[in-house]
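In: Provided below are the primary sequence and the corresponding predicted coordinates.
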Amino acid sequence: MCQVLLLLISFLLLILLQVWFLEEEKLPVVSSSLEGQNKYKILMKSPWEILQSPVGSGGFISLFSKHSIADNLINMGVEYLEVRLSFPIH
């Protein structure tokens, strides 16, 4: 029984080391003014919060680089990668 438990723990630890949860990068939403060419405004979600939008698919590459995930995957011998997106429930 003890060997089975140790095997299960080592398997679960291996899975945990192979899963990363990353928060998508965001940038402020900016609008351009119709009156002037170089006039931009940062849009506000509320009086205290800037409206933000996801960076897009390029943000994924930035996150991989920032957290050295690509290097870790190469060291683990990973040849293919599957990316899953989750959407927050509001």
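Out: Everything's here; your move.
In: Do you know the pLDDT at K41?
Out: pLDDT recorded at K41 is 86.
In: where does the nearest residue to it once chain neighbours are set aside sit relative to E79, distance-wise?
Out: Leaving aside its sequence neighbours, K41 sits nearest to S31 (Cβ to Cβ, 6 or more residues apart in numbering; 5.3 Å). Where you see a C-beta, it was placed from the backbone N, CA and C, and this is true even at glycine. Using Cβ to Cβ, to the nearest Å, one gets 44 Å for the distance from S31 to E79.
In: quick one: which of the two has more around it?
Out: Taking other Cβ atoms under 10 Å, S31 and E79 do not tie; S31 has more neighbours (11 against 6).
In: For that one, pull up the helix or strand it's in.
Out: Per DSSP states H and E, S31 falls inside strand 30-32.
In: avg pLDDT for that strand?
Out: 84.
In: Give me the contacts around it.
Out: Strand 30-32 is contacted by residues K39, Y40, K41, I42, L43 when judged by Cβ atoms under 8 Å, 6 or more residues apart in numbering.
In: partners of it in the sheet?
Out: Strand 30-32 has its sheet partners listed here by DSSP bridges as strand 40-42 (antiparallel).
In: helix or strand right after the partner strand?
Out: Next along from strand 40-42, by DSSP H and E: strand 44-46.
In: next SSE after that following strand?
Out: Counting by DSSP H and E, the element after strand 44-46 in chain order, helix or strand, is strand 49-50.
In: how near is I42 to F64?
Out: 28 Å.
In: Equivalent analysis for L81, please.
Out: 9 Å.
In: quick one: which of the two has more around it?
Out: F64 (18 against 9).
In: Secondary structure class of the closest residue to that one other than its chain neighbours, three-state.
Out: Excluding its sequence neighbours, the residue lying closest to F64 (Cβ to Cβ, 6+ apart) is A70, at 5.2 Å. Classification of A70 using DSSP: H, G, I helix; E, B strand; the rest coil returns helix.
In: wait, isn't A70 in contact with S62?
Out: No: A70 is beyond contact range of S62, at 11.5 Å (criterion: Cβ atoms under 8 Å).
In: mind checking pLDDT for L14?
Out: 64.
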